[in-house]
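>>> Provided below are the primary sequence and the corresponding predicted coordinates.
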Amino acid sequence: MSEQGQVAVAISLTEDLHAPEIYASDAVGFLLHSGNVHVTFAATRASHTQNPAPVTRVVVARLVLPPEGAKGLALGLYNFLKNHGMDPAPAPDRSQMQ
C-alpha cells in the first residue's frame, strides 16, 4: 500500500519507436515551480557561418517532472553511473586528508 492507503498497481511500459532522442552535453538549469522540477538541457554547437566557427551552448530540451519522478531519475542515474564506474559522489581520498 502507498502512503495514502491505496494499492500500488504495476503500469506497463509501451515502447514508442518514434519518440525523439535528444543529445545534450549539459544540464544547465534547474527550477522548482508549481510543485514540479524543471530541467533545462543544452548542447555545444558550432556555427559555421564564420571562420573560425564560434562555439555556443544552445538549449535543446526542457524536461518537467513531478517530484517523485525527479527523485526516481536522480536515484536511477546515480546508481547507473556508480555501477558503471562513474560514481558522481566518490568517497573522499583519506590518504590526502590531514
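It's in. Residues are numbered from 1 along each chain as shown.
>>> quick one: the strands in this protein?
Along the chain, counting by DSSP state E, strands occupy 26-33, 36-46, 55-65.
>>> which strands or helices does the second one pack on?
The criterion is 3 or more CB pairs under 8 Å, 6 or more residues apart in numbering; DSSP states H and E, and the helices and strands that strand 36-46 contacts are strand 26-33, strand 55-65, helix 67-83. Yep, even glycine has a C-beta here, placed from its N, CA and C like the rest.
>>> mind listing what it pairs with, with the direction of each?
strand 26-33 (antiparallel), strand 55-65 (antiparallel) (DSSP bridges).
>>> list the contacts of the first one.
By that I understand strand 26-33. Residues outside strand 26-33 that contact it (CB atoms under 8 Å, 6 or more residues apart in numbering): 37-44, 57, 59.
>>> apply 6 Å and report the result again.
By CB atoms under 6 Å, 6 or more residues apart in numbering, the residues outside strand 26-33 that reach it are 38-42.
>>> can you flag the buried ones in the residues you listed?
39-42 (16 or more other CB atoms under 10 Å).
>>> quick one: residue 43 from residue 25, how far?
5 Å (CB to CB, to the nearest Å).
>>> likewise residue 81?
16 Å.
>>> comparing residue 43 and residue 25, which residue is more hemmed in?
More neighbours surround residue 43 than the other of residue 43 and residue 25, with 16 against 13 (other CB atoms under 10 Å).
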